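[1] what follows is a predicted protein model with its sequence.
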Amino acid sequence: MGSPEAEMIARRGVAAEEAAHKEHTNRAREAAQLGAELLSAFESNKAFDRADLKKLERLEKLTRRIRSRAGGSDDGVSQGNAPTDLGASLMRLAELSDELRKAVEKTSRQVVSAGIIERTNELVELINQIRSIAQR
């Protein structure tokens, strides 16, 4: 048995890790929600407005935080088969953000997931592509 102080420190550490994982999961849920909202707004309006660009920026920040927490970095990962049409890109964005949410929810706090890092890299690349298409 360890000392009571060591046990308290260990419990606090576990509680902090659990809180960080919960925040990580909430980010993934918000990312999935934003992806769905962007697709829905585009399907309704057939346009991409300033509010949608703000949501896209928020989605990018969330995605980068998720990637960082998962152990990934800002490597220049390029996706060669990305859709070039705005509607198809937004559909892929919604699918990918939902896949990311599911992967984060399934992954425990002790696991580093290459799948999550791969999805976040693809999402960041897709976000950049959507931004460039929308600004044309």
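    Sure, I can see it. Numbering: from 1, shown residues only.

[2] how distant is the longest helix belonging to the chain from the center of its chain?
    Scanning the chain for the helix with the most residues, using DSSP state H, yields helix 4-45. Distance of helix 4-45 from the chain centroid (C-alpha atoms, centre = their mean, to the nearest Å) equals 10 Å.

[3] how about stretch 105-120?
    Its chain's C-alpha centre and that of stretch 105-120 lie 11 Å apart, by C-alpha atoms, centre = their mean.

[4] start to end distance for that stretch?
    14 Å (C-alpha to C-alpha, to the nearest Å).

[5] which positions within that stretch qualify as buried?
    For stretch 105-120, a neighbour-count test (16 or more other C-beta atoms under 10 Å) marks Thr107, Ser113, Ile116, Ile117, Glu118, Arg119, Thr120 as buried. Every residue, glycine included, has its C-beta placed from N, CA and C.

[6] of those, closest to Ser89?
    Among the buried residues of stretch 105-120, Arg119 lies closest to Ser89 (C-beta to C-beta), at 15.5 Å.

[7] shaky segments in this protein?
    Applying pLDDT under 70 to the chain flags residues 1, 75-82.

[8] give me the residue at the spatial middle of it.
    Geometric centre of the chain, nearest residue: Thr63, 3.1 Å, by C-alpha atoms, centre = their mean.

[9] got a list of what that residue touches?
    Ala31, Ser97, Leu100, Thr120, Leu123, Val124, Ile127 (C-beta atoms under 8 Å, 6 or more residues apart in numbering).

[10] buried stuff in stretch 53-63?
    For stretch 53-63, the neighbour count (16+ other C-beta under 10 Å) marks Lys55, Leu56, Leu59, Glu60, Leu62, Thr63 as buried.
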